[in-house]
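**Q** prediction below, plus the sequence it came from.
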Amino acid sequence: MQSSLWNEDPEIAELIDKETARQQDVLRLIPSENYASKAVMEATGSILTNKYSEGYAGKRYYNGQENIDAIERIAIKRAKDLFGAEHANVQPYSGSPANLATYFALMKPGDCMVSMALPHGGHLTHGWPITASGTFFKSYQYGVRESDGRIDMDQVEQLAKEHHPKIIVCGASAYPRIIDFAAFKQIADEVGAKLMVDMAHIAGLVAGGAHPSPLPYADVVTTTTHKTLRGPRGGLILCRKDLKKDIDRAVFPCMQGGPHNHTTAAIAVALKEAATDEFKAYAHQIVDNAKVLASRLMEHGFNLISGGTDNHLMLIDLTNKDIAGKVAATALERAGIVCNANSVPFDKRGPFDPSGIRIGTPAITSRGMGKDEMLRLADWIDQIIQKPEDEALAQKIRADVKALCTAFPAPGF
Ligand SMILES: *Cc1c(COP(=O)(O)O)cnc(C)c1O
């Protein structure tokens, strides 16, 4: 395949090769990224991309579906078994369409939800004004407490009682603590709202038993499949049986046309991998690594929002280090450590020049790194942040990072 691509389109082939080298040679700390396995990538790159199959297994609009139906049924069964769900829809193109489909299934345009604000760790698709979710629906948004960085459940309850939302949404992109799904469910019940949990970031932790499952509490659970779950880029919706019809209809025909069958197959493969003991160990190692990294960074005087982490990520407010998030992220990248600048709750700088960085352990844990490597990493981060303009230091650490990456080869290559 590589050689056909080189013959056909050397310009793109070369860029893929360069990106391959980059993904091998740097420490990838963006918490939403990972390394999919070779088996997942084989399914993603398969001939299944050639087939159209609008509809659902057994009820398609075009002929020739015997293999596609079987693949989709396997993916659905594995999703239900892995997460303990009554129903699964495996067709959403990604996390964002999965969320929008859920809103269309449970609300009418103009209805309101209560959800987490983007600057406090929530996601764009949770009703932020410039998005489709915020255009079609009204969102009243909660955040974290300034005192301890934890979700302000009193505020959730107050917003819910005041606005009587159709849905309460929880789940986040930059929240380092375990979310109390039972508390959310109780509030949802009090006001007659449905509870939707977007577990995009933590799905792999939930699958591996390293984070409590939202399934016993939520009416609907949405997720991406490519973050901690380590599958292809895609989405999943899990729900109770009584919502199956509404959810399925909202995905197709409301939101989407033909499902991406190559992705469905790769999701099935990833779900099989995620059901293994090896994956359970991986999920726990992600959290163990994050805790080690967090406490070493705190020893170096870094200000971690909420004072640490329970999951795969940490959010660092760099205000006390006298460096802006983007400057820090750029300096780290020069040394082969790739993360992203991120707003912190109550950020005094603007969203385009935020005060923090967000780092996570899913990808480096997929390489097999453990405690010793986390300690080295924390020390490197500290050195760079102290001297962000020291080119010689950056080059020295860059070489050490590359040596470490060679010792822990990226899986799937
Ligand atoms: C990543 C993410 C999404 C969106 O997923 P895409 O696949 O990028 O559309 C939705 N919700 C949360 C909480 C996320 O972190």
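**A** It's in.

**Q** the residue in the stretch 301-413 of the chain that the ligand sits nearest to and Pro119, how far apart?
**A** Relative to the ligand, the nearest point of the stretch 301-413 of the chain is Leu313 (10.2 Å; CB to the nearest ligand atom). C-betas here are computed from N, CA, C, even on glycine. To Pro119, Leu313 is 16 Å away according to CB to CB, to the nearest Å.

**Q** out of these two, which sits in the busier spot?
**A** Neighbours per residue (other CB atoms under 10 Å) separate Leu313 from Pro119, with Leu313 holding more: 29 against 19.

**Q** report the central residue of the chain.
**A** With distances taken as CA atoms, centre = their mean, His201 lies nearest the centre of the chain, 2.9 Å away.

**Q** list the contacts for that one?
**A** For His201, the contact set (CB atoms under 8 Å, 6 or more residues apart in numbering) comprises Pro31, Ser32, Gly171, Ala172, Ser173, Lys227, Thr228, Asn311, His312, Leu313.

**Q** quick check: phi and psi at it.
**A** phi -70, psi -30 (degrees, to the nearest 10).

**Q** how confident is the prediction for it, by pLDDT?
**A** Listed pLDDT for His201 reads 98.

**Q** again with Pro351
**A** pLDDT, Pro351: 86.

**Q** then Leu236?
**A** 98.

**Q** tell me if it really is in a helix.
**A** No - Leu236 is assigned strand when assessed by DSSP: H, G, I helix; E, B strand; the rest coil, not a helix.

**Q** list the contacts of the nearest residue to Thr125 once chain neighbours are set aside.
**A** Leaving aside its sequence neighbours, Thr125 sits nearest to Asn99 (CB to CB, 6 or more residues apart in numbering; 4.3 Å). Residues in contact with Asn99 (CB under 8 Å, 6+ apart) are His123, Thr125, His126, Ser133, Asp198, Thr222.

**Q** out of those, grab the one that's most surrounded.
**A** Going by other CB under 10 Å, Thr222 tops the contacts of Asn99 with 31 neighbours.

**Q** helix, strand, or coil at that residue?
**A** Classified using three-state DSSP, Thr222 is strand.

**Q** may I have the beta-bridge partners of it?
**A** Going by DSSP bridges, Thr222 is paired in beta bridges with Asp198, Ile237.

**Q** I'd assumed Met196 was in contact with it.
**A** Yes - the criterion here is CB atoms under 8 Å, and Thr222 meets it with Met196 at 6.8 Å.
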